[in-house]
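*Asks:* Return a 3D structure for these sequence lines:
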Amino acid sequence: MTKQGMPAVSVIDKDTIEDFKTADKVVLVGYFAADDKTSNETFGSVASGLRDSFLFGATSDAALAKAEGVKQPAIVLYKTFDEGKNTFEETFDKTAIEQFAKTSSTPLIGEVGPETYAGYMAAGLPLAYIFAETPEERDELAKTLKPLATKHKGKVNFATIDAKAFGQHAGNLNLEAGKWPAFAIQETAKNQKFPFDQSKKMTEKNIGKFVDDFLAGKVEPSVKSEPIPEKQEGPVTVIVAKNYEEIVMDDNKDVLVEFYAPWCGHCKALAPKYEELAALYADNPSYSKRVTIAKVDATLNDVPDEIQGFPTIKLFRAGDKSSPVDYSGSRTIEDLAKFVKENGSHKVDAYADADESMAEARDQTDMPHQAPAATKAATEAAEAATDSVKSGVKESIKSVVTEAAAAVKTAIADSDMDAGEDHHDEL
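*Replies:* The predicted structure follows:
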């Protein structure tokens, strides 16, 4: 049924209630008096916001509410799976109702796939993955672990996943791909991974203790990380999982981070420009104290953010690390530097200042003839400036040639890669 083609809230009565209950996999019906303005407005607001996801109906018939086993005001979520319905009888609060709808509409044990992955990531709850190769195995494990899903409903979502089709995703959860069945919990809000010991059997008792310990904070997250570099080489600061907090969360600095993958053609094309961008800041002591240009291989290091594509570029601002700003502009040095200036806390304008320095160097070459006493110093300064300009021109030409060659290579590489190459995983 096309939800947008219907009103946000359909009027329900005793003649239409049964048909409406089965009009979709999940429907929500509000039961409240006609003169209950607060409940009407709150329910309507929720319906308007979630109409793409659910069908909403409402009735003011007190007798119908009684027949459905609820007392006004109340909301009943009807569904074609699990226990069939859930009831909301708390104070009508928009946020609470939205959370009720999301939690109650999620199957006790669903299935993770391309169509459901984003929904699980947006649910705001940890996701427990049950990896198995065959439908029979997945059904058997779902049956075994259903009591745990029931016990922890609203705290942890449980879902099976086809290990044959999406086994690569196990690696993203720090599980050993190919060793099935397997179980892991992902803390979606922080992108932390908690793999269950694959040498142990996946019994209700073993998994139950693991989930209990996870919820009690007794299980440490598994962190995949490259070694911390002994020395930072070049202007771009290299981040790994083990030094991520130290570098990115430095509250005194604006930190621009490129999350990349070694096989990504777009990342390879960006690399030389990103180096030049970083040099604008690294070569100036005043700027380097306030801005860091960094990169992290997101395929070999666990990072707090869920990265969906490569390259992903984010700016973590000084004094506001909890709200990084995503970059979506063109990948040029000028535009990236402008992004840092406009969105960073320190407002450093390295690109404009670099242009001014170049202009000053050119001006030095055009100075009029000086008195003999000043001629030597002026000449030396002019020669140095001229060499700098020439060097800069050469470097610029070299950079253009390099970028052009990289672009050609990228185009060839991209034509050979499938459409999903730039994604973090096949989900």
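*Asks:* Once you drop chain neighbours, what's closest to Ile185?
*Replies:* With Cβ to Cβ, 6 or more residues apart in numbering as the criterion, Ile185 has its nearest non-adjacent residue at 4.3 Å, and that residue is Phe194. (C-beta placed from N, C-alpha, C; glycine too.)
*Asks:* cool, and Gly69?
*Replies:* Distances taken as Cβ to Cβ, 6+ apart place Thr87 nearest to Gly69, at 7.8 Å, with adjacent residues excluded.
*Asks:* Three-state assignment for that neighbour, please.
*Replies:* For Thr87, the assignment made with DSSP: H, G, I helix; E, B strand; the rest coil gives strand.
*Asks:* ok, it - contacts?
*Replies:* Neighbour list for Thr87: 69-70, 74-77 [criterion: Cβ atoms under 8 Å, 6 or more residues apart in numbering].
*Asks:* Tell me which helix or strand comes right after the helix or strand hosting Thr103.
*Replies:* When elements are assigned from DSSP states H and E, Thr103 belongs to helix 94-104. Downstream of helix 94-104, the next assigned helix or strand under DSSP H and E is strand 109-112.
*Asks:* Can you name every helix or strand that that next one contacts?
*Replies:* Under the contact criterion of 3 or more Cβ pairs under 8 Å, 6 or more residues apart in numbering; DSSP states H and E, strand 109-112 touches strand 127-132, helix 135-151, strand 157-162.
*Asks:* at 7 Å what do you get?
*Replies:* Judged by 3 or more Cβ pairs under 7 Å, 6 or more residues apart in numbering; DSSP states H and E, the packing partners of strand 109-112 are helix 135-151, strand 157-162.
*Asks:* Could you measure from Val240 over to Glu226?
*Replies:* 4 Å (Cβ to Cβ, to the nearest Å).
*Asks:* repeat for Tyr260
*Replies:* Counting by Cβ to Cβ - Tyr260 and Glu226 are separated by 13 Å.
*Asks:* Have a look at the two and say which one is more surrounded.
*Replies:* Higher neighbour count among Tyr260 and Glu226: Tyr260, with 23 against 15, using other Cβ atoms under 10 Å.
*Asks:* Quick check: bridge partners of the more buried one?
*Replies:* Partner residues in beta bridges with Tyr260, using DSSP bridges, are Asp297.
*Asks:* Could you check the pLDDT of it?
*Replies:* pLDDT recorded at Tyr260 is 97.
*Asks:* Would you check that it makes contact with Leu300?
*Replies:* No. Using Cβ atoms under 7 Å, Tyr260 makes no contact with Leu300, being 10.5 Å away.
*Asks:* what residue lies at the spatial centre of this structure?
*Replies:* In the chain, the centroid-proximal residue (Cα atoms, centre = their mean) is Glu306; its distance is 3.5 Å.
*Asks:* wait, is that residue part of a helix?
*Replies:* No. Per three-state DSSP, Glu306 lies outside any helix segment and is coil.
*Asks:* Quick check: it vs Asn40, distance?
*Replies:* 37 Å.
*Asks:* what does Gly344 give?
*Replies:* Counting by Cβ to Cβ - Gly344 and Asn40 are separated by 46 Å.
*Asks:* So what's the predicted local confidence for Ile307?
*Replies:* Looking at Ile307, its pLDDT reads 86.
*Asks:* Just give me the neighbour total for it.
*Replies:* Neighbours around Ile307, by other Cβ under 10 Å: 19.
*Asks:* Hmm, it is touching Ala261, no?
*Replies:* No. The pair Ile307 and Ala261 fails to qualify as a contact (Cβ under 7 Å) at a distance of 8.9 Å.
*Asks:* any common contacting residues for the two?
*Replies:* The overlap between the contact sets of Ile307 and Ala261 (Cβ atoms under 7 Å, 6 or more residues apart in numbering) consists of Ala298.
*Asks:* Can you say which of the contacts of Thr87 are buried?
*Replies:* 70, 74-77 (16 or more other Cβ atoms under 10 Å).
*Asks:* can you redo the residues you listed as CSV with secondary structure, distance to Lys231 and pLDDT?
*Replies:* What follows is the buried ones among the contacts of Thr87, written out as CSV (DSSP: H, G, I helix; E, B strand; the rest coil; distance: Cβ to Cβ, whole Å; pLDDT from 0 to 100):
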residue, secondary structure, distance to Lys231, pLDDT
Val70, coil, 67, 95
Ala74, strand, 64, 97
Ile75, strand, 60, 97
Val76, strand, 63, 98
Leu77, strand, 58, 98
